[in-house]
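In: no FASTA, just this:
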């Protein structure tokens, strides 16, 4: 408790934090995005290591968990829930 966020996930990238400085660090980018494009989208300087990876596409199981277990009511995914 009290250590702050561990990861930040957006539709474009996955971020972590540098252990010493606590500055935001780019970890992965969505296909079609580059570290430079992500840097242009934020108003502060990111740590961009040389080994930034491309995000893997979600599996069918990932999507099932998100839609049916984690956000079954559609609050975060903003989808119509069919009953």
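Out: Good, I have the coordinates. Nothing here was measured: the structure is a model prediction, and the numbers come from that model.

In: report the longest helix in this protein, please.
Out: helix 35-41 (DSSP state H).

In: can you show me the strands along this protein?
Out: 8-9, 13-17, 24-29, 53-54 (DSSP state E).

In: turn the ones you listed into a markdown table, including mean pLDDT, mean neighbour count and distance to residue 43.
Out: Every C-beta, even on glycine, is put in place using the N, C-alpha and C of the backbone. Listed next are the strands of the chain as a markdown table, based on pLDDT from 0 to 100; neighbours: other CB atoms under 10 Å; distance: least, CB to CB, whole Å:
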| stretch | mean pLDDT | mean neighbour count | distance to residue 43 |
| --- | --- | --- | --- |
| strand 8-9 | 93 | 12 | 15 |
| strand 13-17 | 97 | 18 | 14 |
| strand 24-29 | 98 | 19 | 11 |
| strand 53-54 | 96 | 12 | 24 |
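
In: closest to residue 41 out of those strands?
Out: Nearest of the strands of the chain to residue 41, taken as CB to CB: strand 13-17 at 8.5 Å.

In: partner strands of that closest one, with direction?
Out: If you go by DSSP bridges, strand 13-17 pairs up with strand 8-9 (antiparallel), strand 24-29 (antiparallel).

In: where does the prediction get shaky in this protein?
Out: Low-confidence segments of the chain (pLDDT under 70): 1-2, 79-83.

In: in space, what's closest to residue 24 - neighbours in sequence excluded?
Out: residue 15 (5.1 Å; CB to CB, 6 or more residues apart in numbering).
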